[in-house]
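**Q** below are the sequence and a predicted model; questions follow.
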Amino acid sequence: MGEEKSYLYLIRVPCSSANIGPGFDVIGLALSMYLELRVTIAQPLSSQSAALPLVSKSLANSSSSSLNCTITYTGVSPESIELDAASNLLTRSALYLLRCHGHHSFPHPTKVHIHNPIPLGRGLGSSGAAVVAGILLGNLALSSHSPSLSLSKARLLDYCLMIERHPDNVAAALYGGFVGTYLNELDPVDMARKEIPLSEVLPAPAGGLDTGLKPPEPPCGIGHFRRFKWAKEIKAVAVIPDFEVSTAKARECLPTLYSRQDMIFNLQRLALLTTALSDSPPDPSLIYEAMRDKVHQPYRSTLVPGLTQILECVTPATHEGLLGICLSGAGPTILALATGNFEGIAEAVMDRFKREGEGIQCRWSVLEPAEEGATVEAVQGWEHL
Ligand SMILES: Nc1ncnc2c1ncn2[C@@H]1O[C@H](COP(=O)(O)OP(=O)(O)O)[C@@H](O)[C@H]1O
Ligand SMILES: N[C@@H](CCOP(=O)(O)O)C(=O)O
């Protein structure tokens, strides 16, 4: 019996903090906490010896075995992560890309080890990172199935946006750094394609609804992004409470219409914020004011006890080193941008959570912008599966 040859890849995707106050669904910052995937995948068929037969290995269960992919996981909240490739968000994202290209499973056999330190449902873009990692995995699997096929980063963003439909987290996670994004106005046919129900993009379980038909491919150029400069002295203090807020739920509590006054309030601040965060040295009074928001944070305070008090009471005037403070993404994490006194600022936020938020406990870390974004690296030539 011969042995199948395989390649080992490392996929790394940073977490991200979306909105940064007034930039709801617009701006995102990739930060230095990484979702990592170690992927063992069959080498492209063109470079395998034709005489090598495939070796069959026993797989974890029937649905993942028909998809040819086994998953192992280390990291946060293991009890919440599906290890079945038909149900896991990451492998379902990969399968969407594969199904668009006529493949209904991974190359046989594919092994994915996920290591995930990004806390789930805390507003640090865990789902955005999982979608980006899944689409990069799908692209690797596609190249293994069809060696001449590999999609560009711009095209991969289209695939990500079919799954996570606000662009701020996925653009930051894919491209890295501090980014501004918008969704293009597509023609009506492409618009309809982009808005197909998520259940058709990611059937659950993947394979369960698989009729053998291709799902709609993403239109080209769904979203656009630009990177902004970031002043090197600015770091991000993430204060992470010990409870989850699902992004879907935190979007449901927002109004569908806003007053002109509130929209202008946010637009005026957003326009200045992107430049203010590139100024060296940074100006705390400008940044603090430019990070204020009236579009999402006030409504989300019902889900994050203590949020209003934290945003009002932890200021550059009371806390040296602080530049500005906001809800990270949909929350409940608080993101404080600062040049120093990180512990003092984190303690002040944690103290408010304890007092105003019925004893909420938190942990905190200092993160830096992740300039590189998502990376895929061939770790070694090949190994035997
Ligand atoms: N590494 C991962 N693997 C599989 N599913 C994940 C992973 N990371 C996140 N998810 C899914 O995304 C959900 C959290 O997404 P969401 O509510 O958007 O919060 P956030 O993106 O702010 O962490 C999790 O409950 C889980 O279902
Ligand atoms: N713009 C989105 C961002 C959600 O980010 P997440 O990290 O909480 O998933 C929103 O505010 O809903």
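**A** Now that the structure is in, tell me what you want to look at. Ligands and ions are numbered 1, 2, ... in the order given.

**Q** quick check: F106 touching A85?
**A** Yes: using CB atoms under 8 Å, F106 makes contact with A85 at a distance of 7.4 Å. Just so you know, the C-beta spots here come from the backbone N, C-alpha and C atoms, and that holds for glycine as well.

**Q** so what sits against both of these two?
**A** L67, C69, T91, L95 (CB atoms under 8 Å, 6 or more residues apart in numbering).

**Q** residues in contact with stretch 354-362?
**A** Counting by CB under 8 Å, 6+ apart, 239-243, 304-306, 309-310, 349-350, 353 sit against stretch 354-362.

**Q** can you give me the strands for the stretch 51-200 of the chain?
**A** All strands of the stretch 51-200 of the chain, identified by DSSP state E, counting those that start in this stretch, fall at 69-75, 110-116, 178-183.

**Q** sorry, slip of the keys, the one I care about is the stretch 201-350 of the chain.
**A** In the stretch 201-350 of the chain, strands defined by DSSP E, counting those that start in this stretch lie at 223-228, 235-241, 322-327, 334-338, listed in chain order.

**Q** out of the ones you listed, which is the most enclosed?
**A** Mean neighbour counts were taken over these using mean count of other CB atoms under 10 Å, and the top value, a mean of 28, falls to strand 334-338.

**Q** name every strand pairing with that one and say which way it goes.
**A** Sheet pairing of strand 334-338 (DSSP bridges) gives strand 235-241 (antiparallel), strand 322-327 (antiparallel).

**Q** re earlier: in TSV: the strands of the stretch 51-200 of the chain, plus mean pLDDT, distance to V376 and mean neighbour count.
**A** Below are the strands of the stretch 51-200 of the chain laid out as TSV (pLDDT from 0 to 100; distance: least, CB to CB, whole Å; neighbours: other CB atoms under 10 Å):
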stretch	mean pLDDT	distance to V376	mean neighbour count
strand 69-75	97	17	19
strand 110-116	97	13	21
strand 178-183	97	19	20
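
**Q** for ligand 1, which of the ones you listed is the nearest?
**A** Judged by CB to the nearest ligand atom, the one of these that comes nearest to ligand 1 is strand 110-116, at 4.3 Å.

**Q** quick one: contacts of that closest one?
**A** Identification of contacts with strand 110-116 by CB under 8 Å, 6+ apart yields 35-42, 68-76, 81, 90-91, 126, 130, 133, 137, 141, 385.

**Q** just the buried members of the residues you listed?
**A** 35-37, 39-42, 68-71, 73, 75, 81, 90-91, 126, 130, 133, 137, 141, 385 (16 or more other CB atoms under 10 Å).

**Q** pull the residues that contact stretch 185-203.
**A** Contacts for stretch 185-203 (CB under 8 Å, 6+ apart): 89, 92-93, 96, 161-163, 165, 209-210, 215-219, 221-222.

**Q** looking at the residues you listed, which are in helices?
**A** Of these, the ones assigned to helices by DSSP state H are L89, R92, S93, Y96, L161, M162, I163.

**Q** wait, what's in contact with the second one?
**A** Translated: R92. When the contact criterion is CB under 8 Å, 6+ apart, the partners of R92 are A85, A86, G134, L202, P203, A204, A206.

**Q** next, work out how far apart it and ligand 1 are.
**A** For R92, the distance to ligand 1 equals 9 Å [CB to the nearest ligand atom, to the nearest Å].

**Q** what of the first one?
**A** Remark: distance between L89 and ligand 1 (CB to the nearest ligand atom) = 4 Å.

**Q** now the fifth one
**A** As judged by CB to the nearest ligand atom, L161 and ligand 1 stand 15 Å apart.

**Q** quick test: name the residue nearest the centre of this structure.
**A** G128 (2.1 Å; CA atoms, centre = their mean).

**Q** if I look at that residue, how far off is E79?
**A** Using CB to CB, to the nearest Å, one obtains 21 Å as the distance from G128 to E79.

**Q** got it, and T40?
**A** Taking CB to CB as the measure, T40 and E79 are separated by 25 Å.

**Q** average model confidence for the longest helix belonging to the chain?
**A** Ordering each helix of the chain by length in residues (DSSP H) puts helix 126-145 first. The average pLDDT within helix 126-145 is 96.

**Q** angle of it against strand 69-75?
**A** Counting by axes from the mean of the first three to the mean of the last three CA atoms, to 10 degrees, helix 126-145 lies at 150 degrees to strand 69-75.
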